[in-house]
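K.L.:
after the sequence you'll find the predicted model.
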Amino acid sequence: MAGFSVQRYAPERSAWGRFTARDSVVRRLDWPLLGSAVALSLIGSILVYSATRGRDSLTHGDPYFFLFRHALNTGIGFALMVGTIWLGHRTLRGAVPVLYGLSVLLVMAVLTPLGATVNGAHAWILLPGGFSLQPSEFTKITIILGMAMLLAARVDAGDQPHPDHRTVAKALGLAAVPMIVVMGMPDLGSVMVMVVIVLGVLLASGASNRWIFGLLGAGTAGAVAIWQLGLLDDYQIARFAAFANPALDPAGVGYNTNQARIAIGSGGPFGTGLFHGTQTTGQFVPEQQTDFVFTVAGEELGFFGAGLILVLLGIILWRACRIARETTELYGTIVAAGIIAWFAFQAFENIGMTLGIMPVAGLPLPFVSYGGSSMFAIWVAIGLLQSIRVQRPITA
């Protein structure tokens with residue numbers, strides 16, 4: 001990315017109030033991006049309700065239990081997006097050291113008695129009122145912001161055309177600290193997303209390709225070493241074994257994936273009809289409101305309904321790519337690229353594991369799956385994208 005042109009900006013308190021009525025914040029928002037995100041969240045509410053309305057053991061007899069909480073999570077997430085736009089990504093740039101420190105403290109708190117284990121991963125902090133917090137979701141954001149701040153500092157100041165080796169090493173060290181902690185939980189799915197984020201950030205920053213190939217080689221060697229040294233938990237090894245051989249244990253470790261494929265396959269082109277899926281109403285697919293929510297769409301809405309989810313995700317990625325391309329500051333480009341890598345890989349992994357083409361990794365489908373921490377982090381990311389667009393030069 002040598003020769004990347006940048007434009008210097010004066011510090012700004014927030015995105016609000018800096019435009020005239022003719023060129024307001026609202027007019028400058030990326031409406032296809034926002035509309036697609038809202039549509040996915042609405043679809044997710046319906047699918048979560050369909051997956052949980054008959055599961056009394058989960059809903060405590062209230063069929064609207066998860067629907068209400070999903071809507072609440074979405075509303076809080078939307079408010080966080082508005083707050084992020086109001087602050088602006090450049091204002092948050094100055095707060096990155098504090099945000100990064102808090103996120104590291106939170107993930108480390110999971111390893112204390114405050115932490116709780118859910119589905120084999122000791123990755124949660126239980127809160128009063130039956131709520132829980134997964135700090136690794138917010139760490140994805142701080143890794144993106146922290147690496148962007150380091151990699152873009154001298155480039156945006158006009159001191160150098162691209163990050164030097166020392167700066168890249170610092171940025172990788174910043175990302176490594178929370179990743180090591182999350183790996184120790186163990187939360188392999190979140191670590192996989194963070195690795196992809198790091199690669200996306202480095203590619204967008206213009207760092208030397210030697211860093212990219214070096215990291216890929218180191219990652220491969222590290223994965224082999226982890227496997228050979230037996231550092232993975234038994235349930236993680238079983239998931240990879242079931243992915244490699246789906247017929248290995250269809251009633252045990254391979255049950256989730258097999259039932260997911262049956263549910264999606266039974267939907268056909270147009271689906272069995274909303275709330276009429278036999279796999280869903282029969283409660284054959286575990287964790288269907290979270291990790292396997294795509295199976296509800298595949299069964300009850302069919303190929304075309306599930307395809308709509310893919311189209312909406314594609315629109316979000318397309319608009320994010322456009323935002324990354326149009327900004328004239330490297331910091332904004334890197335932040336947008338990190339979010340693109342995050343959303344793209346997590347969606348691919350989630351949908352891929354329901355189809356049997358990816359191993360089960362416990363990652364939610366962005367905007368659609370039930371989960372507060374994930375929903376909050378994703379909407380903050382949308383706020384960052386919107387802020388980058390809102391604060392771009394008028395001539396861009």
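P.N.:
In hand now; what should we look at?

K.L.:
output the below-cut-off pLDDT ranges for the stretch 51-200 of the chain.
P.N.:
By pLDDT under 70, the weakly predicted segments of the stretch 51-200 of the chain are 119-121, 129-130.

K.L.:
and if you look at the stretch 251-396 of the chain?
P.N.:
251-253, 393-396.

K.L.:
can you give me the helices for it?
P.N.:
Taking DSSP state H, counting those that start in this stretch, the helices of the stretch 251-396 of the chain run over residues 255-267, 278-281, 294-296, 302-326, 330-355, 372-390.

K.L.:
if you compare the ones you listed, which one is most tucked away?
P.N.:
Highest mean neighbour count of the helices of the stretch 251-396 of the chain: helix 294-296, a mean of 30 (counted as mean count of other CB atoms under 10 Å). (Glycine included, C-beta is placed from N, CA and C.)

K.L.:
which other helices and strands does that helix contact?
P.N.:
helix 31-52, helix 255-267, helix 278-281, helix 330-355 (3 or more CB pairs under 8 Å, 6 or more residues apart in numbering; DSSP states H and E).

K.L.:
for residue 75, find the nearest of the helices of the stretch 251-396 of the chain.
P.N.:
Between residue 75 and those, the tightest spacing by CB to CB is seen for helix 372-390, at 9.6 Å.

K.L.:
do you know which of the helices and strands packed on helix 294-296 lies nearest residue 157?
P.N.:
Using CB to CB as the measure, helix 330-355 is the one of these that comes nearest residue 157, at 10.1 Å.

K.L.:
can you spell out which helices and strands pack onto that closest one?
P.N.:
Secondary elements touching helix 330-355 (3+ CB pairs under 8 Å, 6+ apart): helix 89-94, helix 135-156, helix 188-205, helix 255-267, helix 294-296, helix 302-326, helix 372-390.

K.L.:
repeat that with 6 Å
P.N.:
With contacts taken as 3 or more CB pairs under 6 Å, 6 or more residues apart in numbering; DSSP states H and E, helix 330-355 sits against helix 135-156, helix 188-205, helix 294-296, helix 302-326, helix 372-390.

K.L.:
now render the ones you listed as TSV, adding distance to residue 179.
P.N.:
Formatted as TSV, those follow (distance: least, CB to CB, whole Å):
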stretch	distance to residue 179
helix 135-156	8
helix 188-205	5
helix 294-296	27
helix 302-326	23
helix 372-390	16
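
K.L.:
of all those helices, which one is nearest residue 362?
P.N.:
helix 188-205 (4.6 Å).

K.L.:
re earlier: closest to residue 82 out of the helices of the stretch 251-396 of the chain?
P.N.:
helix 372-390 (7.1 Å).

K.L.:
leaving out chain neighbours, which residue sits closest to residue 363?
P.N.:
Nearest non-adjacent residue to residue 363, counting by CB to CB, 6 or more residues apart in numbering: residue 189, 4.5 Å away.

K.L.:
burial measure for the one you found, as a count.
P.N.:
The tally of other residues near residue 189 (other CB atoms under 10 Å) stands at 24.

K.L.:
related to what we said a few turns ago, and the helices and strands packed on helix 294-296 as CSV, adding distance to residue 218?
P.N.:
Converted to CSV, the helices and strands packed on helix 294-296 look like this (distance: least, CB to CB, whole Å):
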stretch, distance to residue 218
helix 31-52, 34
helix 255-267, 30
helix 278-281, 41
helix 330-355, 18
